[in-house]
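Enquirer: pasting a predicted model and its sequence here:
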Amino acid sequence: MEILIYGTVNSMALALMALGFALVYGISRVPNFAHGAIYVVSGFLTWTFLRVVGLNYFLSAVLAILVTGLIGALLYQFVLIRVRGMAISEIIASYAIGLAILEGLRWGGFRGMTYSLPVFVEDMVIIAGVPIDFHRLLLIAIGVAVIAVLWAFTHFTRLGLALRGMAQDERAALMLGIDSDRMALIATALGSMLAGLAAIVLLPLGNIVVEAGYNVLIMAIAVCIVGGLGSWMGAVLAAFLIGFAQILTVVYLGSHYQIVVALLAIIFTLILRPSGLFGRQKELEERV
Amino acid sequence: MTIGELRKERVDRGIKVRTEGIYALMSWRELAYLALPRLVLIAGLLALPFLVPGMYWQKVISIVSIYALLAISFDFLAHYVGLVSLGGAFFIGTGGYVAAIANKTLGLPIFLTIPIATIAGAAICTLLLLPCLPLRGVYFAIVTLMYPLVLARIIEALDILGGTDGIMGVASFPGHWTEQYVVIIMVLVFLFGLRRLVNLDIGLVLRGVKDNDQAVRASGMNITRYKALAVFIASSMGCLAGACLVHIYMWAGISLFALDFSILPIAATVIGGGGTLAGPVLGCLILVPASELLRAFGTLRIAFYSLILVGFIVYKSEGIMVFGQRKYHQFERWVKI
């Protein structure tokens, strides 16, 4: 029962981390290696708004998410747009920006145990004999809500349909009058906002540290590869697979092996089914 | 006449065209045109230890050469085979640990540990990367990014190979002149060796793998085998660099898997000019001393060269070497449209 509950929590956390990355890659085909950095930035922004500026928690969280969205948009508009379509340059440019942000933050003194966000609700309940705090339950609820909202957004709004159209076939979308650069800009902003939201939901469970940026990036990528790059539902499913696998390794082997699980998951997926569980990139399967 | 009615035209210099054929051997001028850039590079690198002031900067020269080896291997993999490896630290770490174990546990002398680390380390790297070789582009980059991190975690978790303390007391080079000249000569050997290699038949196949692997496969060649060969060559350079580094620092530890070894060679390649093989060496000669000067800023150094990297890749993606080659081989003029 413990494994079931904490596995669900962990899986939801992974899904939240990965959705932003999956969204950006699915729509603009740019792997946003700055994802982890944006996640950490959002955490520090919330902390700054909350502790330094003195806004209330909800307001500072919303502001932080908006600012991270803006960062994502700027990142696309001034850097990624120029290298889009060149695989090597995309990777190097976005990775370098992520590194610059993270190492800049580390240099700026944001390190150690001093930075943490409060949990949303200080309380805990006991479900089937397992104590679980309210924040983790809220995490599951927010995760489900985000997935539902994303689904509704991409299926029922004009903008969401345009984004989905571009994800399916960029050229056809262009012919139908969808501005692909604007859509990619929106997608990057949305993906960054999702990273920001994930940070605000997940960071109260621990401290805000720069290293989290690398871990989040790696986990997001692992989830996306296992689920199939560009497939959102695949990412959610893969988050559950890896999430439960991780909790099982923590229970039976030790917490140091968590990241090894992620790597093994990637390698096995790539060998057995290169396009991932739900990957739509058939051409990749042919190429591999 | 306004700019709109003119366009810039680039024309090869006559001497370049002449030196491409047998005529190169017919006059000293043509011979010099061909040999000069190479001689400047070789003589410059060999003279470098005499030119810099003091022991400290001589140490920096050794570090430059180590990064140069890594950068050449990155350039070779990325621009001639199409495998973008974000895990230079993986090669460094493997080579370094193999050298340290050979030296400390087996008690082998330094002139044996370095070749052993080069060959055995490269074999280990190739073996570990073998499952990922069918991947291309983003996928390969991601997996190689994870390898050094994962290996560092495993060493930390299992407390093997000295755990977080690392392996101390590895033998040093017999003298600091040997130390510098071993790495500098290795850079030159690998640089010119690879330049030769990519122009051989096998280089052609490798470039074919990069541009259109299906066509290579359709010609009845096993692309995974060629990729494995390329990874072996590249990782042997990385492992050699790692082994030398361990012997210079007399210590092998988890910091061999640090991010610096992955990001700096990439930055050097982009700045120096990708696909030229000599460009990365140039990039290292600029970046490593710059990063030494910025040592006081700590991790801000990484942020600093990441930003340079972004600037170059977005606004000047050809790099210094390609730019220089163009100026050397071609002249430009404005012509009427």
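Expert: Perfect, I can see it now.

Enquirer: hey, let's count contacts and neighbours off CA atoms from now on
Expert: Noted.

Enquirer: residue numbers of the stretch 51-200 of chain B in contact with chain A?
Expert: Residues of the stretch 51-200 of chain B lying near chain A by CA under 8 Å from any CA of the partner chain: B:84, B:131-132, B:134-138, B:141-143, B:146, B:150, B:153-154, B:157.

Enquirer: from chain B, how far out is A:Arg273?
Expert: 12 Å (CA to the nearest CA, to the nearest Å).

Enquirer: among the residues of the stretch 51-200 of chain B next to chain A, which ones are in helices?
Expert: B:137-138, B:141-143, B:146, B:150, B:153-154, B:157 (DSSP state H).

Enquirer: on that earlier part again, top of the residues of the stretch 51-200 of chain B next to chain A by neighbour count?
Expert: B:Val84 (26 neighbours; other CA atoms under 10 Å in any protein chain shown).

Enquirer: apart from its chain neighbours, what residue comes closest to that one?
Expert: Nearest residue to B:Val84 in three dimensions, chain neighbours excluded: B:Ala78, at 4.7 Å (CA to CA, 6 or more residues apart in numbering or on different chains).

Enquirer: near chain B, which residues of the stretch 51-200 of chain A?
Expert: A:79, A:82-83, A:87-89, A:91-93, A:96-97, A:99-104, A:106-107.

Enquirer: count the neighbours of residue 148 for me.
Expert: Went with chain A since none was named. 12.

Enquirer: look at chain B instead
Expert: 26.

Enquirer: ok, residue 118 - contacts?
Expert: Reading this off chain A. A:Pro204 (CA atoms under 8 Å, 6 or more residues apart in numbering or on different chains).

Enquirer: wait, chain B
Expert: Neighbouring residues of B:Thr118 by CA under 8 Å, 6+ apart: B:95, B:236-237, B:239-240, B:243.

Enquirer: B:Leu300 too?
Expert: A:103-104, A:106-107.

Enquirer: doesn't B:Val170 belong to a strand?
Expert: No: under the criterion used here (DSSP: H, G, I helix; E, B strand; the rest coil), B:Val170 is coil, not part of a strand.

Enquirer: how much space is there between the closest residue to it other than its chain neighbours and chain A?
Expert: The shortest distance from B:Val170 to any non-neighbouring residue, by CA to CA, 6+ apart, is to B:Met250 (4.5 Å). Plainly put, B:Met250 is 28 Å away from chain A if you go by CA to the nearest CA.

Enquirer: and B:Met250, how many neighbours?
Expert: 16.

Enquirer: swap in B:Val335?
Expert: B:Val335 has 10 neighbouring residues, counting by other CA under 10 Å.

Enquirer: now for the residue of chain A found nearest chain B: which residues touch it?
Expert: Proximity of chain A to chain B (CA to the nearest CA) peaks at A:Ala100, 3.8 Å away. A:Ala100 sits next to B:302-307 when contact means CA under 8 Å, 6+ apart.

Enquirer: likewise for A:Ile221?
Expert: A:18, A:21, B:142.

Enquirer: now the helices for the stretch 151-288 of chain A?
Expert: For the stretch 151-288 of chain A, helices defined by DSSP state H, counting those that start in this stretch occupy the ranges A:158-168, A:170-175, A:180-202, A:211-227, A:232-252, A:258-272, A:282-287.

Enquirer: coming back round to it: of the contacts of A:Ala100 - the most surrounded one?
Expert: Of the contacts of A:Ala100, with other CA under 10 Å as the count, B:Ser306 tops at 27 neighbours.

Enquirer: so that one, which state does it fall into?
Expert: Assignment for B:Ser306 (three-state DSSP): helix.

Enquirer: what about chain A, any weak spots by pLDDT?
Expert: Scanning chain A with the threshold set as pLDDT under 70 gives A:109-114, A:120-122, A:128, A:229-230, A:255-256, A:259, A:274-288.

Enquirer: just checking, what packs against the helix or strand B:Phe91 falls within?
Expert: For B:Phe91, the element it lies in under DSSP states H and E is helix B:88-104. Under the contact criterion of 3 or more CA pairs under 8 Å, 6 or more residues apart in numbering or on different chains; DSSP states H and E, helix B:88-104 touches helix B:110-129, helix B:137-158, helix B:223-249, strand B:251-252, helix B:260-272.

Enquirer: so the third one versus helix B:110-129, what angle?
Expert: This means helix B:223-249. For helix B:223-249 against helix B:110-129, the angle by axes from the mean of the first three to the mean of the last three CA atoms, to 10 degrees is 140 degrees.

Enquirer: on that earlier part again, check the secondary structure at the residue of chain A closest to chain B for me.
Expert: Put simply, A:Ala100 is helix when judged by three-state DSSP.

Enquirer: measure it to B:Gly283 for me?
Expert: Using CA to CA, to the nearest Å, we find A:Ala100 at a distance of 19 Å from B:Gly283.
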